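A.B. asks: let me see the structure of the following:
(one chain, ligands or ions: 2)
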Amino acid sequence: MNKIVIISAPSGSGKSTLISRLMEDKELRLEFSISATTRPPRGQEVDGKDYYFLTPETFRDFISANMFVEYEQVYQDRYYGTLYRELNRISDNGNNIIFDVDVKGGINLKGKFGSNALSIFIQPPSVEELRRRLEKRGTDSEEEIAKRVAKAEEEMSHASQFDCIVVNDDLDIATAELRGIVGGFLK
Ligand code: ADP
Ligand code: 5GP
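C.D. replies: Ligands and ions are numbered 1, 2, ... in the order given. Below you'll find the predicted structure:
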């Protein structure tokens, strides 16, 4: 079976940035698991590329039909989840799977896939720096940023439940560290 890399972190830690950099290394044969979500598209996001954007009704129907490997209500009224058919799609391509999921989802997936999966927690240097990054990114409202920062504190307390922790202070250093860890696991 293809291998699984799970990346989790509080929002704003830089996990999307790190995942993009990691995926530039084609030798790793990593394909991104596109999650389904009920949140609206942000910035330049494209349906079927960044997320499968679903209505709350469709998301609920998919839950009832047991179509999710895992799903979470990450924020109020905001559901995110991984569809079985997404994993099948990537497996059929013969690629390894990389997940970008919240902390609960990461722990959940690691529990399901065991030693076939490597779970990595991306840690920001501090919650204050995380807030600065979210503000600088400029994609979320002030209210949305406040929700994400409030959640970050709790999420950081679960870091030790992951196979490894990468601190994203200097981006180049964190990228190199992540490449080393993932390359070693997939070898
Ligand atoms: P996440 O996917 O965890 O929500 P992003 O990858 O979108 O986070 O990063 C949040 C913001 O912080 C982006 O604007 C990104 O360019 C910036 N960023 C990421 N890593 C660093 C870093 N090491 N130092 C400074 N800014 C960073
Ligand atoms: P964002 O709205 O910033 O794209 O994502 C918010 C949070 O939801 C992030 O922590 C992201 O990792 C998480 N997330 C995205 N997809 C999934 C998923 O399929 N399952 C879970 N549990 N979390 C997800």
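
A.B. asks: so the residue most central in space within the chain is in which element?
C.D. replies: Centroid-nearest residue in the chain, with Cα atoms, centre = their mean: D100, separated by 1.4 Å. Taking DSSP states H and E as the definition, one finds D100 inside strand 96-101.

A.B. asks: each with direction, which strands does that strand pair with?
C.D. replies: strand 4-8 (parallel), strand 30-32 (parallel) (DSSP bridges).

A.B. asks: one step back: beta partners of the residue nearest to the centre of the chain?
C.D. replies: Here D100, judged by DSSP bridges, has bridge partners I7.

A.B. asks: I'd assumed F32 was in contact with it.
C.D. replies: Yes - using Cβ atoms under 8 Å, D100 makes contact with F32 at a distance of 7.3 Å. C-beta: built from backbone N, CA, C; applies to glycine.

A.B. asks: give the intersection of the neighbour lists for the two.
C.D. replies: By the contact definition Cβ atoms under 8 Å, 6 or more residues apart in numbering, D100 and F32 are jointly contacted by I19.

A.B. asks: take the strands paired with strand 96-101 and lay them out in JSON lines including distance to ligand 1.
C.D. replies: Converted to JSON lines, those look like this (distance: least, Cβ to the nearest ligand atom, whole Å):
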{"stretch": "strand 4-8", "distance to ligand 1": "9"}
{"stretch": "strand 30-32", "distance to ligand 1": "12"}
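
A.B. asks: tell me the most buried of the ones you listed?
C.D. replies: Highest mean neighbour count of the strands paired with strand 96-101: strand 4-8, a mean of 24 (counted as mean count of other Cβ atoms under 10 Å).
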